[in-house]
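**Q** Okay, sequence plus prediction incoming.
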Amino acid sequence: MSKTVAFIGLGNMGGGMAANLVKAGFEVNAFDLMEANLNAAKEAGCTAVDCAKKAVDGADYVVSMLPNGAIVESVYIDGDALLEAIPKQALVLDCSTIAPDNSRRVGAAAEKLGVQFVDAPVSGGVAAAAAGTLAFMVGGTQANFEASKPILEAMGANIFRAGDVGAGQVAKICNNMLLAIHMSGTAEALQLGIDNGLDPKALSDIMLKSSGCNWSLEKYNPVPGVMEGVPSSNGYQGGFMVDLMLKDLGLAQEAANGSKSSIPMGSAARNLFNLHKNSDGEDKGGRDFSSIQQLFSRD
Ligand code: NAD
């Protein structure tokens with residue numbers, strides 16, 4: 001008999017993820033506050049229900065993909081108190097990007113009720129969610145990590161255990177802080193070359209084979225026209241929004257405050273993305289994050 005998944009939060013990411021669970025043969029009971037997203041899930045083969053509690057009724061797994069930590073805590077603990085309605089044998093996988101402490105609080109509340117919990121934030125954007133090629137960074141016991149694999153393998157291509165509950169979020173925060181740093185560094189270096197008469201394609205080719213090579217240069221060149229099929233060559237539309245990068249850099253700062261770590265490069269990147277978002281009196285939060293190039297090019 002096919003296993004039942006309750007899916008809560010069917011937005012840009014969750015919609016594609018739930019559709020891939022259906023394709024893999026799971027029965028998916030879907031809930032979202034937005035009717036349009038619920039309808040899209042229905043078209044993808046999910047059963048749409050009108051409240052979160054109905055979605056978890058009889059579920060083997062619960063997957064959530066929600067905007068932030070306050071909402072995740074409210075869904076599971078305070079507001080909907082969903083943990084109390086989840087069957088005891090079920091495994092909860094929260095894939096939202098939230099603070100490690102949010103995950104640990106939900107994990108501890110789940111443990112008290114005898115419900116299994118892992119945090120499983122993702123790397124990869126909307127396209128990877130739709131294609132089922134996300135990377136998952138899991139925080140939880142080894143046993144729960146093993147139990148989460150059938151679900152995660154239906155939605156992703158790379159699955160890692162980072163440590164205990166909360167560790168998935170720490171890994172995600174570290175990764176995205178580094179991404180923000182090398183993307184802004186790459187944009188800065190490319191603009192210095194352009195301002196000194198270099199063709200950005202020629203400079204990119206040189207750096208790709210030199211010690212400045214990095215993921216942003218290899219896969220996501222921020223200068224329009226250098227690379228095909230990336231947001232910079234599409235008016236910085238699609239991809240990973242500046243606002244989401246700022247959210248992740250805020251989580252990095254919060255984590256660093258808690259652990260008393262120094263993150264001068266992460267703080268600088270956060271300032272740069274904030275400056276970019278608010279420059280020229282126009283909110284650029286909806287543009288792809290590689291649009292940080294525009295801060296340097298002054299376009
Ligand atoms: P989104 O805003 O498109 O989707 C969130 C969905 O949650 C919405 O459909 C909203 O209606 C629903 N929702 C909000 N409160 C709810 C509640 N109480 N009950 C049920 N549904 C509720 O956001 P998204 O882009 O899909 O991102 C989701 C998560 O994934 C975020 O934590 C984000 O940081 C993370 N993430 C996003 C990307 C990306 O590229 N978009 C990449 C990696 C990680």
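**A** Good, I have the coordinates.
**Q** and the longest helix along the chain, which residues are buried?
**A** Longest helix in the chain, counting residues (DSSP state H): helix 167-195. Within helix 167-195, the residues scored as buried using 16 or more other CB atoms under 10 Å are 167-187, 189-191, 193-194. Glycine gets a C-beta too; all of them are placed from N, C-alpha and C.
**Q** just stretch 217-234 next, same as before
**A** Within stretch 217-234, the residues scored as buried using 16+ other CB under 10 Å are 217, 220, 221, 222, 223, 224, 226, 227, 230, 231, 232.
**Q** Would you confirm that the fourth one contacts residue 215?
**A** No: with contact defined as CB atoms under 8 Å, residue 222 and residue 215 do not form a contacting pair (11.8 Å).
**Q** Return the distance of stretch 112-130 from the chain's centre.
**A** Relative to the mean C-alpha coordinate of its chain, stretch 112-130 is positioned 9 Å out (CA atoms, centre = their mean, to the nearest Å).
**Q** can you pull the buried residues of it?
**A** The neighbour-count check on stretch 112-130 (16+ other CB under 10 Å) flags 115-126, 128-130 as buried.
**Q** Show me the subset of these that also lies near the ligand.
**A** With CB under 6 Å from any ligand atom as the criterion, the buried residues of stretch 112-130 include 122, 125, 126 near the ligand.
**Q** residues touching the residue lying closest to the second one once chain neighbours are set aside, list them.
**A** What it means is residue 125. Take residue 125 and drop its neighbours on the chain: the residue closest to it by CB to CB, 6 or more residues apart in numbering is residue 240, 5.0 Å away. Each residue near residue 240 by CB atoms under 8 Å, 6 or more residues apart in numbering is listed here: 125, 288, 289.
**Q** returning to what we had before: ok, so of the buried residues of stretch 217-234, who is nearest residue 36?
**A** Using CB to CB, residue 231 is the member of the buried residues of stretch 217-234 that sits closest to residue 36, with 24.2 Å.
**Q** Test my guess that that closest one contacts residue 290.
**A** Yes: if you go by CB under 8 Å, residue 231 and residue 290 touch, sitting 5.6 Å apart.
**Q** Overlap in contacts, the two.
**A** Residues touching both residue 231 and residue 290 (CB under 8 Å, 6+ apart): 220, 239.
**Q** so which residue of the protein comes closest to the ligand?
**A** Proximity of the chain to the ligand (CB to the nearest ligand atom) peaks at residue 11, 1.8 Å away.
**Q** From residue 68, how far off is the residue lying closest to that residue once chain neighbours are set aside?
**A** Once flanking residues are discounted, residue 11 sits nearest to residue 37: 6.1 Å by CB to CB, 6+ apart. Residue 37 sits 17 Å away from residue 68, going by CB to CB, to the nearest Å.
**Q** okay, those two: which has more neighbours?
**A** Comparing residue 37 with residue 68 by other CB atoms under 10 Å, the one with more neighbours is residue 37, at 20 against 15.
**Q** Wasn't the more buried one part of a helix?
**A** Yes: residue state for residue 37 (DSSP: H, G, I helix; E, B strand; the rest coil) corresponds to a helix.
**Q** buried ones in stretch 30-45?
**A** The neighbour-count check on stretch 30-45 (16+ other CB under 10 Å) flags 30, 31, 32, 37, 38, 40, 41, 44 as buried.
**Q** what's stretch 272-282 in contact with?
**A** 180, 184, 242-243, 245-246, 249, 283-285, 289, 291-292, 294-295.
**Q** List only buried entries from these.
**A** 180, 184, 242, 245-246, 249, 284-285, 289, 291-292, 294-295.
**Q** Strands - which of the ones next to the ligand among the buried residues of stretch 112-130 land there?
**A** residue 122 (DSSP state E).
**Q** remind me which residues of this protein are low pLDDT?
**A** Applying pLDDT under 70 to the chain flags no residue at all.
**Q** so where do the helices sit in it?
**A** Under DSSP H, the chain gives helices at 12-23, 35-43, 52-56, 69-73, 100-112, 126-131, 142-153, 167-195, 200-208, 215-219, 242-259, 264-278, 293-297.
**Q** Relative to the lengthiest strand in the chain, what are the paired strands and their orientations?
**A** Among the segments of the chain that qualify as a strand by DSSP E, the longest is strand 156-163. Using DSSP bridges, strand 156-163 pairs in its sheet with strand 134-139 (parallel).
**Q** and the angle from the strand it pairs with to helix 167-195?
**A** On the basis of axes from the mean of the first three to the mean of the last three CA atoms, to 10 degrees, strand 134-139 is oriented at 130 degrees to helix 167-195.
**Q** roughly how far out does strand 134-139 sit from the chain middle?
**A** Centroid separation between strand 134-139 and its chain, computed with CA atoms, centre = their mean, is 10 Å.
**Q** Since that was my last question, I'll sign off now.
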